[in-house]
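>>> no FASTA, just this:
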Ligand SMILES: [Zn+2]
């Protein structure tokens with residue numbers, strides 16, 4: 001397993017030092033599995049400003065919310081009987097319903113709570129566990145009804161508007177289609193190729209390698225191992241892996257709760273660091289995709305300067321190069337003590 005990084009030294013004449021030459025170091029890293037390039041910007045001491053969601057939350061409460069419990073049963077769609085005889089899939093407070101705006105053959109939303117707004121510090125393990133279970137149950141029912149058309153699924157979370165969440169009310173996005181998403185396909189194909197070459201699981205080797213190196217290994221919650229990603233997809237990129245899991249059928253409630261327990265610690269870290277939004281995904285594969293291990297991944301979302309600014313730039317949109325402003329090793333160091 002190779003952790004390849006290139007340090008680039010850029011020189012300019014610094015106006016703050018009377019135009020004396022100054023050298024600044026940035027990093028280009030390659031993901032050990034996919035080879036995907038990721039850039040680490042040289043903002044070593046970047047402090048993010050606290051962003052208060054209160055005005056947005058208050059405004060959203062004045063508007064109509066289809067996920068609030070007083071209207072949800074009336075205004076949200078129901079699944080056809082082959083997916084759910086009751087029309088909706090309920091686990092605790094979590095409710096899976098069809099997505100009114102599908103962007104994959106099978107698309108659902110999981111309303112995670114009866115509460116319209118859940119501040120970061122109130123996101124809890126039970127709510128996440130029930131919501132993941134509702135999402136997985138939907139994927140299982142869909143796969144049973146349409147085995148070919150729902151071969152590849154994922155469960156996704158956009159928390160708050162910076163992350164693309166269009167409604168404040170907490171919800172997951174659950175997808176299943178005949179083919180995996182582009183990045184999922186890369187992960188699956190590279191995992192299979194690694195297995196065929198080495199007769200070992202990349203994901204088990206990754207845990208072992210990161211444990212030995214120690215710089216990015218964070219710790220364990222039950223059966224789940226947590227790592228700060230060497231080549232981050234965005235700021236605060238953390239991966240949670242439970243060995244031996246591959247498909248929608250492999251997770252027990254204890255597994256989901258172990259994953260939720262780790263996510264909770266990462267979300268608390270984001271909250272402390274003023275990273276007020278995040279994206280997360282549970283990546284899954286088909287039974288035939290030997291070598292792949294299902295895992296969760298979470299990245300922080302933020303704005304650097306103006307409130308309306310975006311953390312997605314030309315680098316991601318036009319060049320497919322993700323970047324981060326916090327070193328993965330710093331993320332691991334700050335998270336380790338909370339695991
Ligand atoms: Zn609501």
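Great, that's in hand. Since the structure is predicted, the reported quantities are computational estimates derived from the model, not experimental observations. Numbering: from 1, shown residues only.

>>> now the residue in the stretch 151-300 of the chain that the ion sits nearest to, what's its secondary structure?
Nearest to the ion in the stretch 151-300 of the chain, going by C-beta to the ion, is residue 169, at a distance of 3.4 Å. Bear in mind the C-beta positions are built from the backbone N, C-alpha and C, glycine included. Put simply, residue 169 is coil when judged by DSSP: H, G, I helix; E, B strand; the rest coil.

>>> Would you agree it is in contact with residue 116?
Yes - look at residue 169 against residue 116 with C-beta atoms under 8 Å: they come within range, at 5.2 Å.

>>> More neighbours: the two, which one.
Of the pair residue 169 and residue 116, residue 169 is the one with more neighbours under other C-beta atoms under 10 Å, namely 20 against 16.

>>> In contact with that one, which residues?
Residues near residue 169 by C-beta atoms under 8 Å, 6 or more residues apart in numbering: 60, 65, 67, 68, 111, 113, 116, 117.

>>> Contact partners for the fourth one?
Residue 68 sits next to 114, 116, 169 when contact means C-beta under 8 Å, 6+ apart.

>>> Quick check: closest non-adjacent residue to the last one.
Nearest residue to residue 169, sequence neighbours excluded (C-beta to C-beta, 6 or more residues apart in numbering): residue 67, at 3.9 Å.

>>> Could you measure from the one you found over to residue 97?
9 Å (C-beta to C-beta, to the nearest Å).

>>> With residue 330 instead?
Going from residue 330 to residue 97 by C-beta to C-beta gives 40 Å.

>>> cool, and residue 155?
14 Å.

>>> What about residue 236, how many residues nearby?
Residue 236, neighbours per other C-beta under 10 Å, totals 27.

>>> Which helix or strand contains the residue nearest to it when sequence neighbours are not counted?
Leaving out its chain neighbours, the residue that sits closest to residue 236 by C-beta to C-beta, 6+ apart is residue 300, at 3.8 Å. Assessed by DSSP states H and E, residue 300 sits inside strand 295-301.

>>> And that strand, how far out from the chain middle?
Offset of strand 295-301 from its chain centre (C-alpha atoms, centre = their mean, to the nearest Å): 3 Å.

>>> ok, which residues in this structure are in contact with the ion?
When proximity is defined as C-beta under 5 Å from the ion, the chain approaches the ion at 65, 67, 68, 116, 169.

>>> Need the residues you listed in TSV (columns: secondary structure, distance to residue 183 and pLDDT).
As requested, the residues of the chain next to the ion are exported to TSV (DSSP: H, G, I helix; E, B strand; the rest coil; distance: C-beta to C-beta, whole Å; pLDDT from 0 to 100):
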residue	secondary structure	distance to residue 183	pLDDT
65	coil	31	97
67	coil	28	98
68	coil	33	98
116	coil	32	98
169	coil	27	98
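
>>> Of all pairs in those, which one spans the longest distance?
67 and 116 (7.6 Å; C-beta to C-beta).

>>> Assign residue 115 to helix, strand or coil.
Residue 115 ends up coil, using three-state DSSP.

>>> Next, count neighbours for it.
Residue 115 sits with 15 neighbouring residues when counted by other C-beta under 10 Å.

>>> cool, residue 99 as well?
18.

>>> who touches it in this structure?
Residue 99 neighbours (C-beta under 8 Å, 6+ apart): 107, 108, 109, 173.

>>> where's the closest residue to it other than its chain neighbours, which helix or strand?
Sequence neighbours aside, residue 107 is the residue nearest to residue 99 in space, at 3.9 Å (criterion: C-beta to C-beta, 6+ apart). Assigned by DSSP H and E, residue 107 belongs to strand 106-111.

>>> next structured bit after that strand?
Assignment by DSSP H and E places the next element after strand 106-111 at helix 125-145.

>>> Residue 219 - nearest residue in space that isn't next to it in sequence?
In space, residue 219 is closest to residue 339, 3.0 Å off (C-beta to C-beta, 6+ apart).

>>> per-residue pLDDT, the one you found?
At residue 339, the model reports a pLDDT of 94.

>>> Tell me the bridge partners for residue 220.
residue 225 (DSSP bridges).

>>> Could you do residue 158 as well?
Counting by DSSP bridges, residue 158 is bridged to residue 279.

>>> And the strands in the stretch 151-300 of the chain, which stretches?
Applying DSSP state E, counting those that start in this stretch to the stretch 151-300 of the chain gives strands spanning 152-159, 171-177, 217-221, 224-228, 238-241, 277-283, 295-301.

>>> Dump those strands to JSON lines, plus mean neighbour count and mean pLDDT.
Formatted as JSON lines, these follow (neighbours: other C-beta atoms under 10 Å; pLDDT from 0 to 100):
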{"stretch": "strand 152-159", "mean neighbour count": "24", "mean pLDDT": "98"}
{"stretch": "strand 171-177", "mean neighbour count": "24", "mean pLDDT": "98"}
{"stretch": "strand 217-221", "mean neighbour count": "20", "mean pLDDT": "98"}
{"stretch": "strand 224-228", "mean neighbour count": "26", "mean pLDDT": "98"}
{"stretch": "strand 238-241", "mean neighbour count": "25", "mean pLDDT": "98"}
{"stretch": "strand 277-283", "mean neighbour count": "23", "mean pLDDT": "98"}
{"stretch": "strand 295-301", "mean neighbour count": "24", "mean pLDDT": "97"}
